[in-house]
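[1] fold the following for me, if possible:
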Amino acid sequence: MNTKRHATIALWTLIAALLTLNLAMPLTAQAESGVQPYGAVHQAWIDPDPSNPGIEYGHAITMYGKTLVIGARHDNAVVGVDTIYYVGAVYVYALEENTWVLQARISPSDPESGDLFGSSVDISGDTLVVGAVGSDGTDAEGEYAPEMGAVYVFTRSGETWTQQAKIEPLDGLEDDNFGNAVSLIGERVVVGASSKDIGMMPNAGKVYSYYRNGSKWYAAQSITAPKIGKDAAFGSSIDYDGARVVVGAQAEKDVGAVYVFYRTGSQWTLESALDADDDQQGDNFGTSVAIDGETIVVGAPFADPDLGFGEVVNAGAAYIYRKAAGGWRQETKLVAENAAVFSHFGQYVSSNNNRVIVGATGYSIGNILRAGSVYVYDRNGGEWPLQTQIFSADPYNDAGFGASIVFDDELIFIGEPGSDTINRAGRVHLYALRESVLPETGFAPNSMTELSQPPASVETSLGDLSISIPEIGLQTEIVSIPRQANSWGVDWLTTSVGHLDGTAYPTHVGNSVLAGHVNLPDGSNGPFAAVDQLQWGDEIILLLDGVNYIYEIRSIYTTDPHNLDILEKNDGYDWLTLITCAEFDEKSSVFRQRVVVETVLVDQR
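    The predicted structure follows:
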């Protein structure tokens with residue numbers, strides 16, 4: 001769901017406080033000219049309080065202005081001395097002096113076990129809507145309808161949230177899944193019921209709309225698919241922008257479909273039916289949708305894209321549509337350049353202001369299976385170049401990083417409902433985007449690569465500055481890597497080590513970053529090929545003007561190549577950080593990991 005459309009805030013105060021460096025990380029592909037590439041730096045975790053095991057905190061996220069809402073659909077409720085399990089809860093945070101402070105923890109007024117309150121959330125102004133797909137109800141004949149589903153409405157006065165209404169469908173039935181998706185703008189809310197039976201068509205799905213008059217909510221025209229089909233799951237995803245609602249039917253004809261409806265008054269009219277130009281059975285096209293002005297994004301997380309070496313099973317895809325005369329046309333198809341089987345790219349999509357962010361909840365990071373990942377794309381004319389790939393700052397197996405996403409300006413909140421940090425309670429990560437790109441420090445191993453030349457008319461010498469690492473037998477000169485445009489070119493380096501211009505000058509206070517190749521152009525080992533064998537306390541020596549500056553290693557680790565945290569050393573000490581690449585992937589011809597060695601100045605001789 002696209003929740004950025006609400007954004008009227010200016011978080012530049014927070015951004016300015018967080019972003020003190022204008023540096024960023026490497027991309028698997030460079031952006032086109034005219035669009036600045038970005039990298040993402042992890043800023044904060046937001047964890048539930050209290051934290052109960054397995055509550056799936058972060059399953060759903062929404063934001064409006066300075067208010068952030070996080071759903072935890074498996075959370076517990078305490079009534080008197082009794083604990084009711086799997087009721088669900090919603091956590092509301094307010095931005096106060098650059099800190100997200102818990103304002104309220106909200107539960108339904110009539111909690112029952114299995115309500116799954118928090119399955120979906122959306123906020124507009126001081127009104128919050130929450131889906132509870134497991135809520136039991138009563139059907140039109142007055143019969144008990146277990147797990148029919150419900151939507152709760154809360155309003156805020158000052159810092160106090162009060163339940164205003166509980167909405168249930170007038171034609172509700174058992175297992176409707178009512179509330180699996182919600183989208184709120186002003187006085188109107190649209191609700192998905194993806195398992196709704198219609199006539200003889202089980203699980204066909206339906207979408208409901210409601211409007212508020214005063215403090216009362218009334219049913220308006222509901223929406224069904226043009227051709228109602230069994231097991232279509234119409235309403236499995238929805239996004240409403242005030243004029244149009246985009247509805248996903250992820251299982252229609254075992255392929256998936258998406259429909260766009262236009263509202264006039266209280267009437268909904270079908271405007272377009274969207275499909276992919278290369279769809280196949282089992283794609284689940286329409287699992288996620290987002291609309292932003294004249295752009296619609298559709299996720300197909302079970303698609304099998306072909307990157308030139310055969311189909312990648314369930315790697316996933318996302319499709320972008322543009323408003324055109326007579327309807328909507330497909331503008332492009334997004335596929336992860338490092339697509340891997342069962343990555344489920346497109347499980348969640350979000351769009352705002354010519355930026356699209358896609359969650360791939362099944363993406364594995366080495367041996368951390370299904371940890372999840374997020375991709376950021378920006379429009380450049382009719383193209384959508386990748387800006388950066390974001391990984392969890394603390395990945396776990398089956399964490400589902402990217403299951404929910406909301407962003408505004410340069411800040412991105414990403415849900416990780418399966419995070420095992422606190423008994424798989426889940427958590428939400430806050431990232432900030434930064435311009436520019438760090439270099440890739442390695443050539444393809446065991447092969448020949450044509451060597452580039454140093455940039456013309458640029459001074460690369462740093463005089464007699466050199467580096468020595470006795471433990472691995474390294475001694476070589478340090479040269480300057482000038483920053484040009486938004487990056488540093490290191491493909492002309494061979495046995496030298498390069499100082500990234502713009503980071504602290506070596507031997508000065510701050511964080512000086514040195515890059516060295518792991519492999520040379522002829523495929524042999526580069527100067528930093530063995531830095532991963534160093535240990536805590538080993539010495540790194542810089543020789544400058546006859547003085548030996550002795551640094552000791554304080555940390556060695558491998559991280560994803562987009563992790564900007566390696567640049568964050570602003571504590572008044574003299575830090576020296578060595579970076580190189582690791583885990584070359586022959587299929588994509590990129591290095592999957594970055595080796596980082598962090599050292600601090602301890603002596604001069």
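[2] what segments of the stretch 1-150 of the chain are strands?
    38-46, 57-64, 67-72, 77-79, 82-84, 89-96, 99-106, 117-124, 127-132, 137-138, 144-145, 150-157 (DSSP state E, counting those that start in this stretch).
[3] surely residue 541 meets residue 548?
    Yes. In this structure residue 541 lies within contact range of residue 548 using C-beta atoms under 8 Å: 5.4 Å. The C-beta positions use only the backbone N, C-alpha and C, and glycine is treated the same way.
[4] thinking again about what came up before, which of the strands of the stretch 1-150 of the chain sits closest to residue 265?
    Residue 265 lies closest to strand 117-124 among the strands of the stretch 1-150 of the chain, at 19.6 Å (C-beta to C-beta).
[5] what packs against the closest one?
    Helices and strands in packing contact with strand 117-124 are listed as strand 57-64, strand 67-72, strand 89-96, strand 127-132, strand 178-185; criterion 3 or more C-beta pairs under 8 Å, 6 or more residues apart in numbering; DSSP states H and E.
[6] quick one, that strand and strand 57-64 angle?
    Computed with axes from the mean of the first three to the mean of the last three C-alpha atoms, to 10 degrees, the direction of strand 117-124 lies at 10 degrees from that of strand 57-64.
[7] quick one: pLDDT of the residue nearest to residue 72 when sequence neighbours are not counted?
    Here the nearest residue to residue 72 in space, its sequence neighbours aside, is residue 57; by C-beta to C-beta, 6 or more residues apart in numbering that works out to 3.9 Å. Predicted confidence (pLDDT) for residue 57: 97.
[8] residue 57 and residue 399, how far apart?
    The gap separating residue 57 from residue 399 is 12 Å, by C-beta to C-beta, to the nearest Å.
[9] repeat that for residue 505.
    Distance check for residue 505 against residue 399: by C-beta to C-beta, it reads 39 Å.
[10] repeat that for residue 62.
    Counting by C-beta to C-beta, the gap from residue 62 to residue 399 is 21 Å.
[11] centre of the chain to stretch 133-140, how far?
    The gap between where stretch 133-140 is centred and where its chain is centred comes out at 33 Å by C-alpha atoms, centre = their mean, to the nearest Å.
[12] quick one: low-confidence ranges for the stretch 501-605 of the chain?
    By pLDDT under 70, the low-scoring segments of the stretch 501-605 of the chain are 502, 562-565, 567-571, 587-589.
[13] repeat that for 90
    Under the criterion of pLDDT under 90, the regions of the stretch 501-605 of the chain flagged as low confidence span 501-513, 517-525, 545, 558-574, 581-594.
[14] what do you get for the stretch 1-150 of the chain?
    The model of the stretch 1-150 of the chain has pLDDT under 90 over residues 1-45, 49-53, 78-82, 97-98, 140.
[15] recalculate using a threshold of 70.
    Across the stretch 1-150 of the chain, the ranges flagged by pLDDT under 70 are 1-39.
[16] make sure residue 495 is indeed in a helix.
    No. The assignment for residue 495 is coil, going by DSSP: H, G, I helix; E, B strand; the rest coil, so no helix is present there.
[17] hmm, residue 529 and it touching each other?
    No. Here residue 495 does not reach residue 529: they are 11.0 Å apart, not a contact under C-beta under 8 Å.
[18] between these two, point out the one with more neighbours.
    Each of residue 495 and residue 529 has its neighbours counted (other C-beta atoms under 10 Å); residue 529 has more, 21 against 12.
[19] could you report the separation of the most centrally placed residue in the chain from residue 63?
    Residue closest to the average C-alpha location in the chain (C-alpha atoms, centre = their mean): residue 374, at 3.9 Å. Residue 374 sits 16 Å away from residue 63 when distances are taken as C-beta to C-beta.
[20] and if you look at residue 491?
    The gap separating residue 491 from residue 63 is 41 Å, by C-beta to C-beta.
[21] so residue 602 sits right up against residue 549, yeah?
    No. The pair residue 602 / residue 549 is not scored as a contact, 9.3 Å apart, by C-beta under 8 Å.
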